[in-house]
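Participant: need coordinates for the following:
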Amino acid sequence: MTDRFPAREAIALVTDEFTELRVPMRHFEPDGPLSWQGYDEARSRAAARTGEDESVVCGSAVVGGTRVALIAFEFGFLGGSLGARTGDRLEAAYAHAREHRLPVVSLVATGGSRMQEGMLALTQLQRVARQSALTREAGLPQIAVVRDPTTGGGWATLGAGCDVTLALPGAQVGFAGSRVRPPGADPAAYTAEAQVAAGAVDAVVPEGELRETLALWLALLGDPSPEAAPVPAALGAAGLPATGWDAVDRARSPRRPRAEAYLDAYFSRRAAISGDRCGGTDAGLLCGFGSGPDGRTVAYAAQCGTATRPAGYRTAARLIRLAGRLGIPVLTLVDTPGAANDARAERQGAGSAIADLFAAVAAARTPVTTLVIGEGGSGGALALAAPGNTWATPDSYFSVIAPELAAAILKRPASEVRATADQLRIRPQDLVDLGVVRGIAEHPGK
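Facilitator: Next up, the predicted model:
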């Protein structure tokens with residue numbers, strides 16, 4: 001478990017320039033809206049102990065050169081719980097962000113809704129959700145840093161509901177707080193690290209790296225551009241394949257450059273998102289944002305040569321929709337033998353995940369550029385490809401299905417696989433002739 005440091009210390013971790021937003025305190029009858037005996041006394045003790053008059057501190061700050069609306073929870077004030085006055089402050093912070101076109105950064109540490117205000121406290125979650133939705137529609141980024149602990153409705157709105165969710169190491173994170181979990185529940189499931197593995201948090205960031213990490217995210221997400229991402233240069237073999245099977249051989253070569261090499265060559269710096277927010281991750285599909293070759297921010301979704309799993313498709317769809325809201329162009333790198341088709345993939349909704357990615361690409365609000373860098377295996381590859389703006393490297397192929405499987409479907413013997421590859425016209429130059437791709441990527445210096 002991490003240290004439960006106060007809100008002001010959390011603010012000092014990320015900025016040296018903070019101006020608090022003053023929000024008028026709404027009037028309550030003695031002991032609050034429920035006349036909960038001892039509530040006023042509990043608030044007074046919390047204020048004396050923490051120096052704060054509510055569970056959240058809101059204001060304007062500069063993080064890494066970017067001005068933001070900053071929200072920081074004070075867990076020492078009644079467990080960082082959300083009450084009506086907390087909701088007033090959160091609403092004011094979001095309104096300030098929209099009025100001044102500022103991204104929102106939330107440093108969350110909360111146990112959930114405040115018992116002493118009953119349902120009035122719980123309905124603050126609806127207020128938060130509304131403000132977050134309005135801010136999302138305004139095209140402003142929202143980044144959360146979940147501290148220890150982040151549970152209940154605070155996790156299910158301010159934490160898990162952001163565009164990018166980061167967490168401090170060892171933080172307790174989950175919808176169920178420690179006092180309301182089922183008996184015998186594994187405590188390891190309610191940690192920041194477990195939430196990363198489950199696809200609900202993008203990354204765990206040590207305290208000493210938090211300011212720099214937030215600065216990078218804010219710089220990348222705050223750089224919209226209407227222009228399409230440039231096509232990456234080809235990094236592998238230069239000559240074109242003589243036959244369809246030659247194209248397959250080259251694309252499957254272990255010596256061929258993979259996604260990491262292309263991303264390293266294309267971006268000067270980048271930050272990754274992780275997880276589909278539905279319980280899964282796929283290490284074989286890399287997603288994030290980076291500074292492209294012309295200095296503009298480009299979102300990327302890059303297959304790594306493995307069979308793409310449902311979580312990978314959902315993460316890519318999440319990325320494309322986020323990029324669209326923020327006005328950032330997208331680059332996709334296609335390299336997969338096809339979608340994962342094992343029983344686990346079917347149970348995880350492979351078909352619906354692929355369908356959702358097709359829909360995200362088709363409805364993308366910013367330009368999508370695609371480069372096929374290796375295997376383009378069937379619909380599992382096509383789902384990531386931009387209609388009308390797909391390119392290919394000389395050591396790639398794109399096929400309706402792998403030649404071996406095509407031969408099997410056609411009831412041909414193994415001896416006819418190579419001929420089938422030729423018939424399918426899967427070479428890069430064939431794809432140009434067919435109008436499937438716009439052109440073949442050139443090598444650097446050409």
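
Participant: ok, Gly236 to Thr369 distance?
Facilitator: 19 Å (C-beta to C-beta, to the nearest Å). All C-beta spots, glycine's among them, are computed from the backbone N, C-alpha and C.

Participant: quick one: end-to-end distance for stretch 59-70.
Facilitator: 5 Å (C-alpha to C-alpha, to the nearest Å).

Participant: list the contacts for Ala353?
Facilitator: 276, 310-311, 313-314, 317 (C-beta atoms under 8 Å, 6 or more residues apart in numbering).

Participant: that one sits in which helix or strand?
Facilitator: Counting by DSSP states H and E, the element that carries Ala353 is helix 350-362.

Participant: quick one: contacts for Thr281?
Facilitator: 196-199, 274-275, 311, 315.

Participant: try 10 Å
Facilitator: With contact set as C-beta atoms under 10 Å, 6 or more residues apart in numbering, Thr281 has these partners: 196-200, 274-275, 309, 311-312, 314-315.

Participant: quick one: the helix or strand containing Val145 to chain centroid distance?
Facilitator: With secondary structure defined by DSSP H and E, Val145 is part of strand 142-151. Centre-to-centre, strand 142-151 and its host chain are 15 Å apart (C-alpha atoms, centre = their mean, to the nearest Å).

Participant: go on, stretch 36-50?
Facilitator: Using C-alpha atoms, centre = their mean, the offset of stretch 36-50 from its chain centre is 39 Å.

Participant: quick revisit: would you mark the buried spots in the helix holding Ala353?
Facilitator: 350, 353-354, 356-358, 360-361 (16 or more other C-beta atoms under 10 Å).

Participant: so which residues of the stretch 201-350 of the chain form strands?
Facilitator: 203-204, 270-273, 285-291, 297-303, 330-336 (DSSP state E, counting those that start in this stretch).

Participant: what are the phi and psi angles of the closest residue to Val62 other than its chain neighbours?
Facilitator: For Val62, ignoring the flanking residues on the chain, the nearest one in space by C-beta to C-beta, 6 or more residues apart in numbering is Glu17 at 4.3 Å. Torsion angles at Glu17 (phi, psi; degrees, to the nearest 10) stand at phi -130, psi 100.

Participant: now stretch 305-324: buried residues?
Facilitator: So stretch 305-324, judged by 16+ other C-beta under 10 Å, has buried residues 305, 307-324.

Participant: cool, and stretch 185-204?
Facilitator: 190-192, 194-204.

Participant: tell me where the stretch 151-300 of the chain is predicted with low confidence.
Facilitator: Counting by pLDDT under 70, the stretch 151-300 of the chain contains no low-confidence range.

Participant: and the helices in it?
Facilitator: 152-154, 192-197, 207-221, 244-252, 259-266 (DSSP state H, counting those that start in this stretch).

Participant: possible to save the ones you listed as a markdown table with distance to Val57?
Facilitator: Converted to a markdown table, those look like this (distance: least, C-beta to C-beta, whole Å):
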| stretch | distance to Val57 |
| --- | --- |
| helix 152-154 | 15 |
| helix 192-197 | 22 |
| helix 207-221 | 17 |
| helix 244-252 | 54 |
| helix 259-266 | 38 |
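
Participant: buried deepest among those helices, which one?
Facilitator: helix 152-154 (a mean of 26; mean count of other C-beta atoms under 10 Å).

Participant: which strands or helices does it pack on?
Facilitator: strand 104-110, helix 118-122, helix 124-137 (3 or more C-beta pairs under 10 Å, 6 or more residues apart in numbering; DSSP states H and E).

Participant: residue ranges in the stretch 301-446 of the chain under the pLDDT threshold?
Facilitator: In the stretch 301-446 of the chain, residues with pLDDT under 70: 445-446.

Participant: ok, now which ones touch Gln131?
Facilitator: Counted by C-beta under 10 Å, 6+ apart, Gln131 has contacts 87, 90-95, 97-98, 104, 142, 157-158.

Participant: so how far is Ser352 from it?
Facilitator: 30 Å.

Participant: sorry, back to before: let's see which of the buried residues of stretch 305-324 end up in helices.
Facilitator: Among the buried residues of stretch 305-324, the ones falling in helices (DSSP state H) are 310-324.

Participant: what is the nearest of those residues to Gly152?
Facilitator: Arg318 (23.7 Å; C-beta to C-beta).

Participant: didn't the closest one look like it was pressed against Leu285?
Facilitator: No: judged on C-beta atoms under 10 Å, Arg318 makes no contact with Leu285 at a distance of 11.2 Å.
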